[in-house]
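Visitor: kindly return the folded structure for what I paste below:
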Amino acid sequence: MAERVLVIGSGGREHALAWKLAQSPQVQHVFVAPGNAGTADNGKISNSAVLVSNHTIVTQFCKDHNIGLVLVGPEALLEAGIVDDLRAAGVRCFGPCARAAQLASNSSSSKAFLERHGMATARWRAFSSPQEACRFISSTDFPARVVRARGPAARKEVTIAASKEEACRAVQEVMQVSAGQAAAVTVVTSLAPLCPSLPPQCSCVTDGVTVASVPPAQPHKRLQEGEQGPPTAGMGAYCPVPQVLPALLEHIRGAILQHLVDSLRQEGAAYVGVLQAGLMLTKEGVKILNFKCQFGDPQCQVILPLLKNDFYEVIQAAIDGKLCSCMPAWSENRTAVCVVMASPGYPGDSDRGTEVTGLLQAEALGLQVFHGGTALKDGRVVTSGGRVLSVTAVRQDLMEALAEANRGVATIHFQGATFRRDIGHRGLWLLRQPLYVSTSGSPDVLPAPHIWAKPAEGVPRHSGGGFAAFFDLKASGYHDPILVSQTKGLGPKLQVAQVCKRHDTIGQDLVALCVNELLAQGAEPLFFLTHLACGKLDAEVLETIREGIAEACRSAGCAFLGEEVTEVAAPCPPGHCELAGFVVGAMERGQRLLGLQRAQEGDVLLGLGSAAVPGRSFGVVRRILLTSSLHCSSPAPGSCGDTTLGDVLLTPGKTFSPALLPILRSGHVKGFAPTAEGLLGGISRLLPEHLSAVLDALSWKIPEIFCWLYKEGNLSAEEMAQTFPCGIGAVLVVQKELAQHVLQDIQRQQEAWLIGKVVAPSGSHVEVENLAEALQLSSPQQLSSSRAETQPQPGKRKVKVAVLVSGAGTALPGLIGSAREPGSCAQLVLVISNRPGVEELRSAARAGIPTRVIDHKLYGSRSEFDSTIDRVLEEFSVELICLSGFMRVLSSPFLRKWKGKILNASPSLFPHIKDGNAQQEPLESGFKVEGCTVHFVLEEPSAGAAIRREPLPGDSEAALEQRLQEAELRAFPPALQLVASGAVWLGAHGRTCWRRQRQEQEEGSGEAAAAPQEPEGLRAEP
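Guide: Here you go, the predicted structure:
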């Protein structure tokens, strides 16, 4: 009989585990707790809100839902003994016991264990002080040092440092992250000629006796291409690894993994589960760096797709101690590549709530997209963590798999997505080592292994240097590419930068200028070169420019090959220089060229915001500066003195690639043009001669620097539009029906506006209306939005509502009926009960509303119970909560989070209202129940939080409870509609605010229209 399986965790690894288990015919259903958007109602897979940190609750969940197998992903739970507790309760669980899991979590214990059993590991010492650790590092002369945290931060990946300085920086980071916990420094004495930052990782499945090898996987831990940037949990992986040959893999299985399992069994900690070892290949042999007691993430996402037989059967055999009868079988001549897409800010604090698009398109390419930091909100997939997605491709060879994975990444979009294009390139380099040998002496010349640079053969080298380069287009994901090139110079802007002695932004400006022109052809930038000619070489200036170019290339997603520097003889003045950039990009043959898709009458113009003054405009800027009372060192207009005019003028242009490229290639954009030649010049490039364009300058935000140039230079509006972009960095032409869709996609990345339209021929080819008026306003966008931001507006869509019940309330039928009425502003999406079997659950089921039972008796504290409710509410994207006879006291953190979003109905204890203002009546002794009041739920109850009051019918005390229920039925539905529509809200002062009807305002009640007012239901006499 098919069984139910529970996978614990929420990352890409857990999605991959659930995905593979769901393929088994012996698995009926896979629950994932807490899961993510990818595991929510996905065929045989769904999420569960069970509180995984409470082992008792998990055990009860398994019994209630007939769970036949549990897989635990997070190592923290394994170390906490969840496997021990589940097995003690009779629940089958795949994973090591707590004692065995300590092998991965405690550096000192694991090192001592390895030494006890004579296993090859590096020399090591543990420190609790960063100063002591750094003194030890400085005293050594070993070629590599490995830094790893102990304690709470132990699960962080190791840092393999190539220098003493890098090792000391890693120690400081570890100490800071682990909040004072000890750090361990491991020193490797010598290395094989492999990249020291890419140690291969080998895994096995074991039943405590038999060890079944898993193909080795190579993770890429650094954030940026070329193994640069901060360490992460993993930005991608590929499997198998070319440098780990079958003979070496067998040696690792027998001498290391089998030895480990046997030693653990000898010490009474039989290991059942997955064991992963981080290894270093040295001249002295294979040495062990660290362990994991589960598949790594993202290694799991490239290992499991290569498994040929039933994963569920392999696991059951391991649990039963019969792994030798069901050994895992792996696909031959197949390679898997996984590219991780992360949120901006990762590995630090990352953005959340950004919509993710293009998932279906990626899956249509035959790829598997594993979710990590994702959630569902209003039916949309949004980001909810650092590493968002893992895009996995399985193909015949490494190059093909890499190309397909990168192709899939290009179809998926969310704002600020961070990913690497060079996953697997180290493997390609190893495979092709006899063909290409890098001889470059500069580490920045080779940012990605698909580029090999060396001095040009047969060409004499001059004092300025020279180099040639090879670029593997197939390794970049292209099948039949067309190359596109572009060259640009900065012009007079470079001279202003020299006057200001600021060279840190001009490199970014140059890259943006070149790359944006490539985008106008729909091409993706691949690599960038630059040429600098100067009167006298200033090494510091050169390095500053170079750093700016390298940083801009990383942002643009292209490689910086290097620069050619030429010293120009007199009469060139010292310090004077000229800078030019060269970029090469590619596009697939047959891809629609943006320049050939002409605009048509009725199309819409979208503008992308940019505060930069382009280089071509600086001839006019210099003329204005010569006659102005301000200088480059003067405070910038409108600033508080912390920014100079030169700083603002040298603001670099925005590079719109690579985030914009998927939108340009979507087929929804007819044309794209940067405005570096001025607003009129940029738009004119998109228009055929028989059409014109009309723009409204009041529709976008014009930065203050352009307002200052307009006034200070005494320029006309026409001169401004001809010379400057006026806050628009680029313009897109879009069909009118698609304009809002495209605009919303762009606005998720940056500022953008609908700025104009294509019209029949008029007097001017491009006409900019209201430009003079807009230039006289310092912040035109604030005029129309200030009032809208101060008070909420009535919502046009339905607000998602959850009802919490305990079986004692009667308002649910009224709320269901109200939500179904035409014009309702509320939608009931969930009913939660803390008691099973109550009538409200059946009523909700009959109405087609999802239900959940979260039994408070299974939780050790109120906060755990509330946290589970909170996770379920977020799963259903709930925005408002109604309490209908809910008999549990909600915790303060829950109430604070949902402040202004929880409604309840209570008996009215006020005396008769004499003056129509219930909030000013004191509570006096001797009051009686006068009605039912619907109110916002706060930590401290307040009469000022009331929304609607309904008087009790009749005066029979015997029927008080029944009359209260009737009053609640009348009061709750309209109160919910008032809040859902935005007509009533909880003000910052903790009192109810409401928006009067326009007719009442026009009739003049003598009260200020903008002042908070009491809801109508509170003003009626009983």
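Visitor: roughly how far is the helix ranked longest in the chain from the heart of the chain?
Guide: Longest helix in the chain, counting residues (DSSP state H): helix 960-981. Offset of helix 960-981 from its chain centre (Cα atoms, centre = their mean, to the nearest Å): 41 Å.
Visitor: what helices or strands is it leaning on?
Guide: strand 799-805, helix 812-820, strand 826-833, strand 880-884, strand 902-908, strand 931-936, strand 946-951, strand 984-986 (3 or more Cβ pairs under 8 Å, 6 or more residues apart in numbering; DSSP states H and E). For glycine as for every other residue, the C-beta is placed from the backbone atoms N, C-alpha and C.
Visitor: check contacts around the spatially closest residue to Leu69 that is not a sequence neighbour.
Guide: Nearest residue to Leu69, sequence neighbours excluded (Cβ to Cβ, 6 or more residues apart in numbering): Val5, at 4.7 Å. If a contact means Cβ atoms under 8 Å, 6 or more residues apart in numbering, then Val5 has 18, 21, 27, 29-31, 67-71, 312 as its contacts.
Visitor: which strand or helix spans Val5?
Guide: strand 3-9 (DSSP states H and E).
Visitor: average pLDDT across the longest helix of the chain?
Guide: In this model, helix 960-981 has a mean pLDDT of 85.
Visitor: neighbours of Gly366, how many?
Guide: The number of residues packed near Gly366 is 11, by other Cβ atoms under 10 Å.
Visitor: kindly list the main-chain dihedrals of it?
Guide: phi 90, psi 20 (degrees, to the nearest 10).
Visitor: how about the contacts made by it?
Guide: Counted by Cβ under 8 Å, 6+ apart, Gly366 has contacts 393, 404.
Visitor: also Gly763?
Guide: Neighbours of Gly763 in contact, by Cβ under 8 Å, 6+ apart: none.
Visitor: quick one: it is in a helix?
Guide: No. Counting by DSSP: H, G, I helix; E, B strand; the rest coil, Gly763 is located in no helix; its state is coil.
Visitor: sheet partners, orientation included, of the strand holding Val5?
Guide: strand 27-34 (parallel), strand 67-72 (parallel) (DSSP bridges).
Visitor: what about Glu677, distance to Pro96?
Guide: Distance of Glu677 to Pro96, computed by Cβ to Cβ, to the nearest Å: 65 Å.
Visitor: neighbour count for these two, which is higher?
Guide: Ranked by neighbour count (other Cβ under 10 Å), Glu677 and Pro96 place Pro96 first, with 29 against 17.
Visitor: hang on, the earlier thing: enumerate the beta-bridge partners assigned to the residue nearest to Leu69.
Guide: Going by DSSP bridges, Val5 forms beta bridges with Val30, Leu69.
Visitor: quick one: secondary structure of the residue nearest to Leu264 when sequence neighbours are not counted?
Guide: Leaving aside its chain neighbours, Leu264 sits nearest to Tyr271 (4.7 Å; criterion: Cβ to Cβ, 6+ apart). Secondary structure state of Tyr271, per three-state DSSP, is coil.
Visitor: go on, the one 4 residues further on?
Guide: Per three-state DSSP, the secondary structure class of Leu275 is strand.
Visitor: run a quick neighbour tally on Ser764.
Guide: 13.
Visitor: show me what contacts it?
Guide: Ser764 neighbours (Cβ under 8 Å, 6+ apart): Ser692.
Visitor: okay, which residue is most central for the chain?
Guide: Ser343 (2.3 Å; Cα atoms, centre = their mean).
Visitor: roughly how far apart are that residue and Asp351?
Guide: Ser343 is 5 Å from Asp351, by Cβ to Cβ.
Visitor: ditto for Val32
Guide: Val32 is 24 Å from Asp351, by Cβ to Cβ.
Visitor: so which of the two has more stuff around it?
Guide: Counted by other Cβ under 10 Å, Val32 and Asp351 do not tie: Val32 has more neighbours, with 27 against 17.
Visitor: tally of neighbours for the residue nearest to that one when sequence neighbours are not counted?
Guide: Distance criterion Cβ to Cβ, 6+ apart; nearest residue to Val32, sequence neighbours excluded, is Thr39 at 4.1 Å. Using other Cβ under 10 Å, Thr39 has 28 other residues around it.
Visitor: same check on the one 5 residues further on?
Guide: By the measure other Cβ under 10 Å, the count of residues near Lys44 is 17.
Visitor: quick one: the strands in the stretch 451-600 of the chain, in order.
Guide: Using DSSP state E, counting those that start in this stretch, the strands of the stretch 451-600 of the chain run over residues 451-454, 468-471, 481-489, 524-534, 559-567, 577-588.
Visitor: where's the helix or strand that the longest one is followed by relative to the chain centroid, distance-wise?
Guide: Same thing as strand 577-588. Next helix or strand after strand 577-588 toward the C-terminus (DSSP H and E): strand 604-609. Centroid separation for strand 604-609 versus its chain: 25 Å, with Cα atoms, centre = their mean.
Visitor: just the CA trace of stretch 259-278, in CSV.
Guide: Provided in CSV are the C-alpha atoms of stretch 259-278 (Å, rounded to 0.1, in the frame of the first residue of the first chain):
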residue,chain,number,x,y,z
HIS,A,259,36.2,4.0,7.5
LEU,A,260,34.0,6.8,8.9
VAL,A,261,30.9,4.6,9.1
ASP,A,262,32.7,1.7,10.6
SER,A,263,34.3,3.9,13.3
LEU,A,264,31.0,5.5,14.2
ARG,A,265,29.5,2.0,14.6
GLN,A,266,32.4,1.0,16.8
GLU,A,267,31.7,4.0,19.1
GLY,A,268,28.1,3.0,19.4
ALA,A,269,26.6,5.7,17.1
ALA,A,270,25.5,3.7,14.0
TYR,A,271,25.0,6.1,11.2
VAL,A,272,21.9,5.6,9.0
GLY,A,273,21.3,8.3,6.4
VAL,A,274,23.4,10.4,4.0
LEU,A,275,26.9,11.4,4.9
GLN,A,276,28.8,14.0,2.9
ALA,A,277,32.5,14.8,3.2
GLY,A,278,34.2,17.9,2.1
